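Novice: quick check, what structure comes out for this input:
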Amino acid sequence: MPVTSRRPTRDHSPHHHGHDGCAHDVKSSILTKPDSSRFQPLCILEFSKKTSPATREWLLSRIQASRDDGGAGLEAETALDENGEETVLRIGASKKRLLEGAEMACLKKHCKDGNLREFSRVNLDQFPHEDKHFLTTCDCQRIIYYLLLQIRSNEKQDIPGCSKLVLYKGQRVIPKCIDAKLIAQLYPLHIPEELAGLTKIWYATFNTLSLDQPIERIREYFGEAMGIYFSFLGFYTKALFLPAGVGLFYYLYYTFFGKSSHGYAVFAIFNLIWTTLFLESWKRKCATMAYHWGTYGMVKFEEARAEFVGVLTINAVTGRKEPYYPKWKRQLKKYAVSAPIIFVILVMAFFVMLASFKCEDYIMERYDVKTTTGSIMFSLPSCVYAVVILVTNGFYRNLAKWLNDWENHRLQSAYENNLIIKLVVFDFANCFMCLFYVAFWLQDMVRLRQYLATLLIVQQLLQQFLETGLPYIMLLIRGGSKGEEEKKKDDDADGVEVAELANEQSKMDLYPGTFDDYLELFLQFGYVFLFSAVYPLAAIWALFNNVIEIRSDAFKVSRVCQRPFGQSAADIGTWQVTFEVMGIIAVLTNTTLMAMSPEIRQFLPEMTVTNYILLFVAVEHVFLALKAAIAILIPDLPRWMEIELLKEEYESRQVYLQKISESHKLDVSTTQLAEQRENEDIEEEEENQSDSGEDMTKPNGGHEQKEEDLTWADMQESQI
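Specialist: Purely as a prediction, here's the structure:
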């Protein structure tokens, strides 16, 4: 939404942005110029139209309030939209607050000695915090987002201006407002100068058809999760060169020299070994990156999602009130409602598949498929079916999300994992059921090859258009794409105002995350390796698609979508398991295809069907054992990394023992001091007793003198 600048709602005097400003934290840009006395935001919060002014003022006050008062302690100013209403907040932070937030968020940074440690203000002198690159813009925006999420309700209360929404004590305010649609958008700003520097390097590799990417720069700008995705995409694409080359060789040999039973089996076995080597190698590479980035082995404490509902109880860990929902109710929803619905949808998808085959049978009866016209007509049902699969997947995605929301998962990680399971199960069945049907029911290898090629190629073309082509066209239509002169001006940060940046980026699409990208690669992985021996050119098409995918995803994340908040990540998460499961299924399918191959069957003509089946069951188990052996023999961590982790554990143990020793010495010293004081007191008491004893041993002691004095006094009195 277009916005115009308005004076800050709080005093943002020059000293706020001098020594304590963001200028020392991030790279130079219009938002972080050291000599600027203006307010310099890094994030944008947009209220929805239904949000009342009272709610906006209340949220603004909570954002600006200090930490002691239950606020975020951030700097914010309002801006006017095209209707003259204050619906936009620009949010920034002082350097002091950013350093406090870095410590609260347990951000790991490099010390002056080169080691990576959690940032602590107690050991501030050990970090190069005065360096303007110490905190990247991604770090600053991540810290601001973290501090916003820490705004909590001090007591049970209604949200001002919205009495229907009640906050319980300790509840996070911002997620609740986002869930209630009071906040329309919350996103970090793209920094034009930094983005131009990144894309200049990133896009330059595309012109040379290089697959090398500036992963470190991507991580610094977008965060570890995005860096890991592009690293995985590049690693997978490079790894595809080998099966693509072998597949091309096998295809040419098959074309010019005819069928070969040895080649069929060798190519299938090669792909089975390749999948295991690829996944194990990626584990090692990913672990190395995570170690250098400080995310390896991180323990992430999660709080309840804003959408999570239930009866308020005391959390045993945090001691705060939060909703509680019985696990058995969630399980009942999953298995008694969600699972049957998914099954019904799969049955419907199965009948859609049968309709496609019926159309093909009808065309075969009416046309000669050996002619050009007949061949084209025969291909139409499979092409239409490929489009139907994409449409069905899109419909099911919305249904799966609705079911996942309804199941009421407490943690975001549990929510995402359950959504992944739902989508993987349905998409796997929807995309591959026709291939299983042709391969193992119809047992038509020619038709299987045709369907596999059609589904793979058509779906990849459509996905590329929907992900990148269509958004770019929409960008052109609404004037988001600039000419060369305007782009140069856009890249020159000094010539761009914050309001213009906010206006432009507000119109960009919300970045959907890497979820769909991983799902797309997972399905492609299945198309290539589930029936690899039948269509050896599948890896070539996948390689060609991924070369374009790297470029299209880079364009999408940098030019089409809003900048996402950086997220920490140590690996690709549950997707690693899904790829490994797909590799196991590939062993089963390819072994079965080998057993069904006439070229292989002719080598054992006298073997009975039962023995033949048992033979390939044994072969299948051998392949699975080989796959497991390779996975075991290849360590998940490089040797040097294992040593470094052991060193860290040893050093941590030594520090712990040293602290215990110092504490023990302190206790001993305290005990000795107490004993010394006690001895001194005893000696002093003994001395006092000795002195009093000496007085008692004198003749008549002091009593005689007293008696003499008394007698003399009596005599004086009697004389008077």
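Novice: just the strands from this structure, written as ranges.
Specialist: 3-5, 43-47, 75-81, 86-92, 108-110, 116-118, 157-159, 162-167, 183-188, 311-314, 321-324 (DSSP state E).
Novice: which one of the ones you listed lies closest to residue 403?
Specialist: strand 321-324 (19.6 Å; CB to CB). Where C-beta positions appear, they are placed from N, C-alpha and C, glycine not excepted.
Novice: report the distance from that closest one to the chain centre.
Specialist: Its chain's C-alpha centre and that of strand 321-324 lie 25 Å apart, by CA atoms, centre = their mean, to the nearest Å.
Novice: buried residues, that strand. List them.
Specialist: 322-323 (16 or more other CB atoms under 10 Å).
Novice: output the contacting helices and strands for it.
Specialist: Under the contact criterion of 3 or more CB pairs under 8 Å, 6 or more residues apart in numbering; DSSP states H and E, strand 321-324 touches strand 311-314.
Novice: any idea how far the strand it packs on is from the chain center?
Specialist: 29 Å.
Novice: now that strand: average pLDDT?
Specialist: Averaging pLDDT along strand 311-314 gives 85.
Novice: strands paired with that strand, and their directions?
Specialist: strand 321-324 (antiparallel) (DSSP bridges).
Novice: CA atoms of the partner strand as PDB?
Specialist: Backbone C-alpha positions of strand 321-324 (Å, rounded to 0.1, in the frame of the first residue of the first chain) are rendered in PDB as follows:
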ATOM      1  CA  LYS A 321       0.000 -19.800  31.500                       C
ATOM      2  CA  GLU A 322      -0.700 -21.200  28.100                       C
ATOM      3  CA  PRO A 323      -3.400 -23.300  26.400                       C
ATOM      4  CA  TYR A 324      -3.400 -27.000  26.800                       C
END
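Novice: list the contacts of it.
Specialist: Contacts with strand 321-324, where a contact means CB atoms under 8 Å, 6 or more residues apart in numbering, come from 168-171, 303-304, 308-315.
Novice: what does stretch 611-619 give?
Specialist: 591-592, 594-595, 601, 604, 607.
Novice: so what's the nearest residue to residue 528 once chain neighbours are set aside up against?
Specialist: Among residues not flanking residue 528 along the chain, residue 538 sits closest, at 4.5 Å (CB to CB, 6 or more residues apart in numbering). Neighbour list for residue 538: 247, 452-453, 456, 527-528, 531-532 [criterion: CB under 8 Å, 6+ apart].
Novice: give me the PyMOL select line for these, limited to the buried ones.
Specialist: In PyMOL, this line selects whichever of the contacts of residue 538 come out buried by 16+ other CB under 10 Å:
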select buried, resi 247+452+453+456+527+528+531+532
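Novice: restricted to helices, list the contacts of residue 538.
Specialist: 247, 452-453, 456, 527-528 (DSSP state H).
Novice: any regions of the stretch 51-200 of the chain where pLDDT drops low?
Specialist: Scanning the stretch 51-200 of the chain for pLDDT under 70 picks out the ranges 82.
Novice: nope, the stretch 401-550 of the chain is what I meant
Specialist: 478-497.
Novice: for the ones in helices among the contacts of residue 538, which one is nearest residue 214?
Specialist: residue 528 (27.5 Å).
Novice: against residue 438, how distant is the closest one?
Specialist: 17 Å (CB to CB, to the nearest Å).
Novice: what does residue 123 give?
Specialist: 64 Å.
Novice: so the two - more neighbours on which side?
Specialist: With neighbours defined as other CB atoms under 10 Å, residue 123 and residue 438 compare such that residue 438 has more, 23 against 11.
Novice: with adjacent residues omitted, what lies nearest to the more buried one?
Specialist: In space, residue 438 is closest to residue 448, 4.5 Å off (CB to CB, 6+ apart).
Novice: just put the ones in helices among the contacts of residue 538 in a markdown table and tack on distance to residue 572.
Specialist: Shown next, in a markdown table, are the ones in helices among the contacts of residue 538 (distance: CB to CB, whole Å):
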| residue | distance to residue 572 |
| --- | --- |
| 247 | 25 |
| 452 | 26 |
| 453 | 28 |
| 456 | 22 |
| 527 | 19 |
| 528 | 18 |
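Novice: closest to residue 387 among the contacts of residue 538?
Specialist: Among those, and counting by CB to CB, the member closest to residue 387 is residue 456, at 13.6 Å.
Novice: would you check that that closest one makes contact with residue 523?
Specialist: No - the pair residue 456 / residue 523 is not scored as a contact, 9.3 Å apart, by CB atoms under 8 Å.
Novice: quick one: contacts for residue 428?
Specialist: 523, 526 are the contacts of residue 428 under CB under 8 Å, 6+ apart.
Novice: mind listing the helices for the stretch 301-450 of the chain?
Specialist: 327-333, 339-366, 372-407, 412-436, 445-464 (DSSP state H, counting those that start in this stretch).
Novice: and stretch 248-266, C-alpha only, in PDB?
Specialist: Extracted in PDB, the C-alpha atoms of stretch 248-266 (Å, rounded to 0.1, in the frame of the first residue of the first chain):
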ATOM      1  CA  LEU A 248      22.600 -40.700 -22.000                       C
ATOM      2  CA  PHE A 249      25.200 -43.300 -22.700                       C
ATOM      3  CA  TYR A 250      22.700 -46.100 -21.900                       C
ATOM      4  CA  TYR A 251      20.000 -44.500 -24.100                       C
ATOM      5  CA  LEU A 252      22.400 -44.100 -27.100                       C
ATOM      6  CA  TYR A 253      23.600 -47.700 -26.600                       C
ATOM      7  CA  TYR A 254      20.000 -48.900 -26.400                       C
ATOM      8  CA  THR A 255      19.000 -46.900 -29.500                       C
ATOM      9  CA  PHE A 256      21.900 -48.000 -31.800                       C
ATOM     10  CA  PHE A 257      22.700 -51.500 -30.500                       C
ATOM     11  CA  GLY A 258      19.400 -52.700 -29.200                       C
ATOM     12  CA  LYS A 259      18.300 -54.000 -25.800                       C
ATOM     13  CA  SER A 260      20.800 -55.300 -23.300                       C
ATOM     14  CA  SER A 261      19.900 -57.100 -20.200                       C
ATOM     15  CA  HIS A 262      23.200 -56.400 -18.600                       C
ATOM     16  CA  GLY A 263      22.900 -52.700 -19.400                       C
ATOM     17  CA  TYR A 264      19.400 -52.600 -17.900                       C
ATOM     18  CA  ALA A 265      20.500 -54.100 -14.700                       C
ATOM     19  CA  VAL A 266      23.800 -52.200 -14.400                       C
END
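Novice: fine by me, we can end here.
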